[in-house]
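Q: Sequence and predicted structure are below.
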Amino acid sequence: MTTPHPYLVGLVGTGVGPSLTPALHMTEGHAQGLDYVYRTLDLNVLGLSPDRVGDVLSWARTLGYDALNITHPCKQLVVEHLDDIDDTARALGAVNTVVFRGGRAHGYNTDITGFAHGFTEGLPGASTSHVILVGAGGAGTAVAAALLGLGTDHLTVVDLDVDRATALAGDLAARHPQAHVDASSFDKLSVLLPEADGVVHATPTGMAEHPGIAFDTALLHPGLWVADIVYRPLDTALLQTARATGCRTLDGGHMAVHQAVDAFALITGLAPDAARMSAHFRNLVA
Ligand code: NAD
């Protein structure tokens, strides 16, 4: 009788201690009968600066890790240390999953696929003719790539930092010539939201430690779908107000779960049970 392959996976970043991703992977691995160990490798705890991520990759490979998830602030820094990189992650210049296979380090971005799969799951049939993205940071950038991959015709990026929104829109427009991508300022939301199909909120506003809503909810209308990527709490003030207005809504749990589902599949080559992982995640967050 052969012994099944034992999996060893790590999460590299700063402040990763409270992450729910290790529990999600290990519980799914165990449910599938796998010997699956997933550890946090917190750079702060290890006393390593983020630019040492290449060293961490090399040590992990030598020590027999099967894969690493990479998070803030190393998703861009890790790219130059990879042997192969998936096209979508390369275009974005950010990787959140590294799989060691055949002596090579392969990079992927399951934030992009995770948002796309979560969107399709939670808002089936939602129109993406014109979508507004509020928040042009790391997560918003992955969401933008996912929305354009899903066929969004017109994407408008809005951020308090107008230069950041303009830079992201310019980069996306160059990479997605079939779509219309532009940037706008916050005060234009009063014109944009009444005409849009949907809005994705991707700023930290609404998290337990940053309560509030990033924009004026008087601009919401029942024809608009509203997606929030904040997932602590899952039912943000934005989503509560949107539901009360009659909007279809999508919570941040879908993206959080599906980035883990997609990473698990890449690491093991097995099909995870997304519904089981989602139920587990929602229990943990509750
Ligand atoms: P970030 O710091 O890289 O970017 C945040 C962006 O929001 C910045 O560009 C900032 O200028 C902008 N911003 C901040 N406050 C704003 C406001 N009130 N109005 C408009 N713009 C504002 O952060 P990030 O890594 O992109 O993460 C953003 C949030 O996304 C996190 O706080 C987290 O809650 C959530 N997130 C969710 C998932 C998921 O899987 N669901 C994954 C990653 C991040």
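A: Okay, I see it. Numbers count the residues shown, from 1 in each chain.
Q: partner residues bridging the closest residue to G64 other than its chain neighbours?
A: Distances taken as C-beta to C-beta, 6 or more residues apart in numbering put L8 closest to G64, at 6.1 Å, once the chain neighbours are dropped. (Each C-beta comes from the backbone N, C-alpha and C, glycine too.) Using DSSP bridges, the bridge partners assigned to L8 are V37.
Q: Report the separation between L8 and G54.
A: L8 sits 19 Å away from G54, going by C-beta to C-beta, to the nearest Å.
Q: Same drill for these two, tell me which one is more crowded.
A: A direct count of neighbours by other C-beta atoms under 10 Å for L8 and G54 places L8 higher, at 18 against 14.
Q: List the contacts of that one.
A: V37, R39, G64, Y65, D66 (C-beta atoms under 8 Å, 6 or more residues apart in numbering).
Q: Secondary structure of P18: a helix, I assume?
A: No: membership of P18 in a helix is not supported by DSSP: H, G, I helix; E, B strand; the rest coil, which gives coil.
Q: And the strand or helix carrying D182, what does it pack against?
A: Using DSSP states H and E, the element containing D182 is strand 180-184. Packing partners of strand 180-184 (3 or more C-beta pairs under 8 Å, 6 or more residues apart in numbering; DSSP states H and E): strand 154-158, helix 162-175.
Q: if you compare the ones you listed, which one is most tucked away?
A: Of all the helices and strands packed on strand 180-184, strand 154-158 carries the top mean neighbour count, a mean of 24, counting by mean count of other C-beta atoms under 10 Å.
Q: Sheet partners, orientation included, of that one?
A: Here, using DSSP bridges, strand 154-158 pairs with strand 130-134 (parallel), strand 180-184 (parallel).
Q: The helix or strand following the last one: which residues count as buried?
A: The C-terminal neighbour of strand 180-184 among helices and strands, as given by DSSP H and E, is helix 189-195. When burial is assessed from 16 or more other C-beta atoms under 10 Å, helix 189-195 yields the following buried residues: L189, L192, L193.
Q: Let me know which of the strands paired with strand 154-158 is the nearest to I70.
A: strand 130-134 (22.8 Å; C-beta to C-beta).
Q: mean confidence for that closest one?
A: Taken as a whole, strand 130-134 carries a mean pLDDT of 98.
Q: Pull the CA coordinates from the helix or strand where L68 lies and hand them back as CSV.
A: L68 belongs to strand 67-70 when elements are defined using DSSP H and E. Coordinates of the C-alpha atoms in strand 67-70 are reproduced here as CSV (Å, rounded to 0.1, in the frame of the first residue of the first chain):
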residue,chain,number,x,y,z
ALA,A,67,3.2,25.5,-2.3
LEU,A,68,2.9,28.9,-0.8
ASN,A,69,0.2,31.5,-0.8
ILE,A,70,1.6,35.0,-1.0
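Q: Whichever helix or strand comes after that strand: partners in the sheet, and parallel or antiparallel?
A: Where DSSP H and E defines the elements, the next helix or strand beyond strand 67-70 is strand 84-85. Using DSSP bridges, strand 84-85 pairs in its sheet with strand 104-108 (parallel).
Q: average model confidence for the strand it pairs with?
A: For strand 104-108, the per-residue pLDDT averages 98.
Q: So which residues make contact with that strand?
A: With C-beta under 8 Å, 6+ apart, strand 104-108 has contacts from 57, 61, 78-79, 81-86, 89-90, 95-100, 262-263, 266.
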